[in-house]
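sequence and predicted structure, then a few things I'm wondering about:
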Amino acid sequence: MAPRTPEVGETSLSPPGRAFPPAPPRRRITAGDVRRSVADWVPSAPGTHIWLAILAVTSCIAAGLSPGLRSYLLHSVSTNLVELRHHPIRVLIASALWIETPSGFAFYAVLFELVHATAERWLGTARWLLVAAMAHVGATLVSQRAVRFAIRDDRLPRSLAHTVDIGVSYGLAGVVGVLAYRVPRPWRWAYLAAVLAFFGYPVAGDGTFTDLGHLTAALIGLCCYAVTPAARTAGPAPSRSRPPRWSR
């Protein structure tokens with residue numbers, strides 16, 4: 001008699017002595033796990049978090065001052081025309097260590113983690129800092145030169161020569177620009193179009209000198225392809241052999 005084949009719909013029992021392994025228990029995330037993640041995250045972008053720590057300290061200092069004293073302090077570290085004329089190096093450095101509104105520190109902390117930390121891990125601390133510094137300095141000089149010409153032509157009030165011009169946004173815009181080379185093709189072109197539209201639209205309209213600075217910083221970042229890993233790993237272009245020259 002032939003063995004009976006189980007019909008469709010019938011369930012066959014597992015062989016005796018054979019059992020499925022139990023599902024692994026779910027592991028809870030503990031405070032120790034969070035501490036270890038932070039301990040691994042922060043050293044991976046040391047420059048970003050040192051800069052962020054300085055901003056936290058200066059924001060607390062500014063928040064604790066009276067309005068008059070805070071205004072005096074921020075004017076003294078501003079990259080306006082007057083301070084750039086008398087203390088250019090000091091204000092170019094100090095202006096990147098303060099933000100005008102201390103309550104905005106949390107917003108900048110998120111941007112630092114998304115933009116600066118990503119770029120620092122990709123480029124390395126030295127190259128990331130070079131891009132941010134070039135964008136900060138270059139955008140400041142271009143925008144303040146535009147202010148100088150506008151004051152000379154009576155298109156802006158002379159009081160703008162003493163305006164408060166501080167913050168980290170120029171450095172952020174420059175790093176946003178260089179991050180275009182980290183986006184794979186074809187998404188890179190969409191990213192590039194979004195960056196140029198975001199920073200260029202205010203300038204095309206009735207933009208301020210700060211809007212011009214942001215666009216300038218983003219363009220400086222786009223010019224920093226040479227510091228990216230793709231440029232460093234690419235070998236030199238092969239030299240073309242020239243045919244021998246025959247002399248008469």
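Sure thing, it's come through.

who's in contact with the spatially closest residue to residue 222 that is not a sequence neighbour?
Spatially, and ignoring its direct neighbours in sequence, residue 222 is nearest to residue 177 (4.4 Å; CB to CB, 6 or more residues apart in numbering). No exception for glycine: its C-beta is placed from N, CA and C like everyone else's. By CB atoms under 8 Å, 6 or more residues apart in numbering, the contact list for residue 177 reads 135, 195, 217, 218, 219, 220, 221, 222, 224.

quick one: mean pLDDT for the helix or strand where residue 177 lies?
Following DSSP states H and E, one finds residue 177 within helix 169-178. Confidence over helix 169-178 (mean pLDDT, whole number) is 96.

report the helix or strand with the lowest average pLDDT across the chain.
Ranked by mean pLDDT, DSSP states H and E, the weakest helix or strand in the chain is helix 31-41, scoring a mean of 60.

could you check the angle the helix or strand just after it makes with helix 169-178?
Using DSSP H and E, the helix or strand that follows helix 31-41 towards the C-terminus is helix 46-63. Orientation check (axes from the mean of the first three to the mean of the last three CA atoms, to 10 degrees): helix 46-63 against helix 169-178 gives 150 degrees.

buried residues in helix 46-63?
Within helix 46-63, the residues that qualify as buried by neighbour count (16 or more other CB atoms under 10 Å) are 47, 48, 49, 51, 52, 55, 58, 59, 62.

list the contacts of the last one.
Put plainly, it is residue 62. Applying CB under 8 Å, 6+ apart, the residues near residue 62 are 70, 73, 74, 98, 99, 102.

now the second one: which helix or strand?
Per DSSP H and E: residue 73 is located in helix 67-76.

one more: the fifth one?
Assigned by DSSP H and E, residue 99 belongs to neither a helix nor a strand.

number of nearby residues for the nearest residue to it once chain neighbours are set aside?
Once flanking residues are discounted, residue 99 sits nearest to residue 167: 5.5 Å by CB to CB, 6+ apart. When neighbours are counted by other CB atoms under 10 Å, residue 167 registers 23.

I'd say residue 167 and residue 100 touch.
Yes. Contact criterion CB atoms under 8 Å: residue 167 and residue 100 qualify, at 6.1 Å.

and the gap between residue 82 and residue 74?
Taking CB to CB, to the nearest Å as the measure, residue 82 falls 13 Å from residue 74.

with residue 180 instead?
Counting by CB to CB, the gap from residue 180 to residue 74 is 32 Å.

for the spatially most central residue of the chain, list the residues it contacts.
Computing the C-alpha centroid of the chain and ranking residues by CA atoms, centre = their mean puts residue 115 first, at 3.2 Å. The contact partners of residue 115, taken as CB under 8 Å, 6+ apart, are 172, 175, 176, 179.

quick one, what contacts residue 135?
170, 171, 173, 174, 175, 177, 216, 217, 218, 220, 221.

what segments of the protein are helices?
Using DSSP state H, the helices of the chain run over residues 31-41, 46-63, 67-76, 81-86, 88-94, 105-111, 117-123, 125-152, 169-178, 187-204, 209-222, 229-233.

tell me the average confidence for the fourth one?
Mean pLDDT, taken over the full extent of helix 81-86, equals 94.

distance between the helix holding residue 177 and the chain's centre?
On the basis of CA atoms, centre = their mean, to the nearest Å, the separation between the geometric centre of helix 169-178 and that of its chain is 5 Å.

what's the neighbour count on residue 67?
Residues lying near residue 67 (other CB under 10 Å) number 7.

okay, residue 53 and residue 155: tell me how far apart.
Counting by CB to CB - residue 53 and residue 155 are separated by 40 Å.
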